[in-house]
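J.: coordinates for the following, if possible.
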Amino acid sequence: MAGSTRDPATTTNTEQFPKDIVALLTIAGLVLYGALVVTYNEFYQALGVKTSDVGLTYTTVLSGAAGLAVILAAVVGFAVLVAQFFKRLFGWRRLWILILFVSLFFGFVVGFGSLKARDRANAVRAGEPVAESRLFLLVLLSLTAEPVQVEPTSKTATLPPLPTTIDRPLLLLGQANATIVVYDSLVQKAVYLPASSVTLQVSNCRSPDTRQRTAAYDEACTHLRS
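T.: Modelled structure (predicted):
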């Protein structure tokens, strides 16, 4: 009875396949993070703020782009399959095909992110709130600026000059190191507030509950960019 034999090259390729996906996902994750950092820097620098001022970290950047991570995983899986196909058919080096796909994805994210960053920065400067960019339920980009009402915790609290929030809401950019960053569209600059000296009432424009909003906040939410 003749025994069946397996091609060593085929066996090696089959065993290497999962390793390729893991390695490429790791590299692509770093590439995605780099592309997102470019996007966030463009948005916040246009408003005169550093990303570190609003609490952005490696984890928050990637978790705020879950939709792009899902798309990236699909792209990586497809890239590995295409690379396997062309390697067997034409003998092309698999590495170069994978690099091509990752490079194209990086270019897509940078281009998409740059357009969104400029659009949202212009909206914030105009006093309009912005929400996450979504694909169905998946968040693609977490460039946000929600209307917020700022009140001192006590009468003795010393704060920078603030507008009358009833007439013109401020926009919350983020917070880090016990400092809250809001944007004042009237004077076209970010204002830094000590977290211990203020209380915030953030208006979630996506929420159907409008009981806590003033008329000015409702008006601001009608211009929500998403």
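J.: tally of neighbours for L137?
T.: Using other CB atoms under 10 Å, L137 has 7 neighbouring residues. For the C-beta atoms, the positions are set from N, CA and C on the backbone; glycine is no exception.
J.: what's the distance between it and S52?
T.: Noted for L137: a distance of 30 Å to S52, by CB to CB, to the nearest Å.
J.: over to Q175?
T.: Using CB to CB, one obtains 11 Å as the distance from Q175 to S52.
J.: these two - which one has more neighbours?
T.: Shown here are Q175 and S52; by other CB under 10 Å, Q175 has more neighbours (17 against 11).
J.: spit out the contact partners of T39.
T.: Shown in contact with T39 (CB atoms under 8 Å, 6 or more residues apart in numbering): 109-110, 113-114, 116-117, 141, 143.
J.: need the buried ones from those selected in PyMOL.
T.: Buried residues within the contacts of T39, by 16 or more other CB atoms under 10 Å, are selected in PyMOL with:
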select buried, resi 109+110+113+116+117+141+143
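J.: so which of the contacts of T39 sit within strands?
T.: Under the assignment DSSP state E, the contacts of T39 contribute L141 to strands.
J.: quick check: domain ranges of the protein?
T.: 8-140, 143-221 (automatic domain parsing).
J.: starting at the chain centroid, how far to the first one?
T.: Okay, so that is domain 8-140. The chain centroid and the centroid of domain 8-140 are separated by 11 Å, computed with CA atoms, centre = their mean, to the nearest Å.
J.: need the contact list for A178.
T.: For A178, the contacting residues are 194-196, by CB under 8 Å, 6+ apart.
J.: so which residues of this structure form strands?
T.: Using DSSP E, the strands found in the chain span residues 133-135, 138-141, 146-152, 170-176, 179-184, 189-194, 198-202.
J.: tell me what angle the fourth one forms with strand 189-194.
T.: Spelled out, that is strand 170-176. In terms of direction (axes from the mean of the first three to the mean of the last three CA atoms, to 10 degrees), strand 170-176 departs from strand 189-194 by 50 degrees.
J.: and stretch 134-150, average pLDDT?
T.: Stretch 134-150 shows a mean pLDDT of 87.
J.: residue nearest the centroid of the chain?
T.: Of all residues in the chain, the one closest to the mean position by CA atoms, centre = their mean is L141, 3.3 Å from it.
J.: in the sheet, who's paired with it?
T.: S133 (DSSP bridges).
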